[in-house]
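Visitor: I would like to see how this sequence folds:
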Amino acid sequence: MTVVVSRPVVRTAPYWVSTEEIAGDLRGRHPAHPKLALWLRMLGHTGVRTRPWVAPLAETGERTGVGDRSRAAYEGARPLAVDAARESLRGAGLAPGDVDCLVTTHTTSWTVPGMDVDLIRLLGLRPDVSRVGFATVACAGGAHALVQAARFVRAHPGSRVLVVAAEALSTLYHPRTLTLQTVLYGGLFGDAGGAAVVSEAGAGAEAGPLEVAGTWEFVLPDSQDAYWGVIEEAGLFFDSGPDAKKAAGRVLPHLATWLDGRPVDWAAVHPGGPGIIRGTLDGLGLDPETGGTHSLASLARGNLGGVALLDVLARTVDAGIPGGDGVAVAFGPGFTTTALRLRAVAGAAAPAAAQAP
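Guide: Just a heads-up that it's a prediction; the model follows:
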C-alpha cells in the first residue's frame, strides 16, 4: 500500500507582531528591570522577526486569568483550523462526507468537548467519522497527527484521513510576569491552523505529492525536565530546564538507529530554533547551511507549534520536493520526537493552494 499526504495548507492569524514591538511593550512596562535588555537580546537571537497572533499586541497583553486566556486561544485558533481544513479538502477533491477519520492536535486551550468534536459540526463531517484528538503533544502535534493518520490508512485500506492542527500560542505572552522564560516563549511563537489529507494512493482523493515510507515515535528517557507547560491562575505558561538545549541532540543517535543506514537526501525539521534546525540537519548528515532553508524561513515568522512542521512541508512542496528519501522530524515536550520518512510521489502535482502570507 502507498500512503500519500497532500500539500499541507497553513492559515496564519491576522495580526502580525514584530519582535521590536514586543521589546517596546516590555521596556515600557519594566523600564528598570536589570535583566530585560539581556533577555531581549536572547529573543532577538531566536531568528523570529515577526509572528502572527489572533489579537493585537495590546489586547493580548491585557488578558488576565486562565479562563479568559483559554477561551480567547480556542476562539482564535478554531477559525484558522476550519479555513485550513476546508481548503485542504477542496485541494484533495474531497467532500466532507468523504472523510473517514479526523485527527486533530490543539494544546493552547483547555476545551471540552475538544476541537475534533467541534470540527465535525463546522466542517459538516459525517457523525460516525472516527476521531483521534490530541491535546498535549504541542510542537510535535503536526507530525504526530500525520503519523497516526498514516497508521489509520494502513489499517483501513481505502480510507481518507483529515489532519488538522491549530494553536494560539500568543496566549504565552505574559508581559506582567517577567522572567527569562516569559520573554523567550512569549515572543518565540505564532498562531496558525494547518491541515492535510492522508490517504491510500488511488483511494478517491487527488494524489498527494508526498509518500509516507515509514513512521517513528520516541520518548527520550529521563527528559521530563527539558520542556513542559504549566497552568496557573494567570494562564498557560511554557517552561524549560537546563536539559532543554541538549535534548534534541540526545535524540539523534536513536533517530539514526531507526533509519538503520537508509539514505537521507533531504529533511523537513521542526523550526524550534536555529540551533535545533542546524543540529538536527548535521546529525542527519545534511548541510545545515543549505538544508534548513525552509525551516529557517518558517521560523522567521514565528514557531507555529503543532502547525510548524506542516508549514515547513508546504514550503518544501512549493519549492519542489528534492529527489530521494527525506525525513520530517518534530520535537515536543516530554521530550518527545515524531518522524516520518517521506519521498516525492512520481508524477504527482501539489494541489493548488495558496500559501498564507
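Visitor: can you map out the strands along the stretch 201-350 of the chain?
Guide: For the stretch 201-350 of the chain, applying DSSP state E, counting those that start in this stretch gives strands covering 210-219, 227-232, 235-240, 266-269, 325-332, 336-344.
Visitor: Please identify the most buried of the ones you listed.
Guide: Per residue and on average, the most neighbours among the strands of the stretch 201-350 of the chain fall to strand 266-269, with a mean of 27 (mean count of other Cβ atoms under 10 Å). (Glycine included, C-beta is placed from N, CA and C.)
Visitor: Pull up the distance across stretch 227-243, start to finish.
Guide: Start to finish, the residues bounding stretch 227-243 are 8 Å apart (Cα to Cα, to the nearest Å).
Visitor: is it true that H33 touches L178?
Guide: Yes. H33 lies in contact with L178 (Cβ atoms under 8 Å); the separation is 6.0 Å.
Visitor: Which one's more surrounded, those two?
Guide: More neighbours surround L178 than the other of H33 and L178, with 17 against 14 (other Cβ atoms under 10 Å).
Visitor: if we can go back for a sec, same list (the strands of the stretch 201-350 of the chain) but as TSV, adding distance to E200.
Guide: Below are those laid out as TSV (distance: least, Cβ to Cβ, whole Å):
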stretch	distance to E200
strand 210-219	11
strand 227-232	35
strand 235-240	37
strand 266-269	22
strand 325-332	19
strand 336-344	16
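Visitor: Out of those strands, the one nearest D98 is which?
Guide: Among those, strand 210-219 comes nearest to D98, with 19.6 Å by Cβ to Cβ.
Visitor: Which secondary structure elements does the closest one sit against?
Guide: Contacts defined by 3 or more Cβ pairs under 8 Å, 6 or more residues apart in numbering; DSSP states H and E place strand 210-219 against strand 3-5, helix 141-155, helix 244-259, strand 336-344.
Visitor: closest one to D128 among the ones you listed?
Guide: Comparing the helices and strands packed on strand 210-219 by Cβ to Cβ, helix 141-155 comes nearest, at 14.7 Å.
Visitor: just checking, next helix/strand downstream of the closest one?
Guide: strand 160-168 (DSSP states H and E).
Visitor: what separates that following strand from the chain centre, distance-wise?
Guide: Relative to its chain's centre, strand 160-168 lies at 10 Å (Cα atoms, centre = their mean, to the nearest Å).
Visitor: just checking, what packs against that strand?
Guide: Applying 3+ Cβ pairs under 8 Å, 6+ apart, we find strand 160-168 packed against helix 66-91, strand 101-105, helix 115-123, helix 141-155, strand 191-200.
Visitor: buried sites along the first one?
Guide: By that I understand helix 66-91. Judged by neighbour count using 16 or more other Cβ atoms under 10 Å, the buried positions of helix 66-91 are 66, 69-70, 72-74, 76-89, 91.
Visitor: I'd like the mean pLDDT over that helix, please.
Guide: Helix 66-91 shows a mean pLDDT of 97.
Visitor: I'd like to check the angle between that helix and helix 115-123, please.
Guide: Computed by axes from the mean of the first three to the mean of the last three Cα atoms, to 10 degrees, the angle separating helix 66-91 from helix 115-123 equals 50 degrees.
Visitor: the inter-axis angle of helix 66-91 versus strand 227-232?
Guide: Here helix 66-91 runs at an angle of 130 degrees relative to strand 227-232 (the same axes, to 10 degrees).
Visitor: elements contacting helix 66-91?
Guide: If you count contacts as 3+ Cβ pairs under 8 Å, 6+ apart, helix 66-91 packs onto strand 9-12, helix 115-123, strand 160-168, strand 191-200, strand 235-240.
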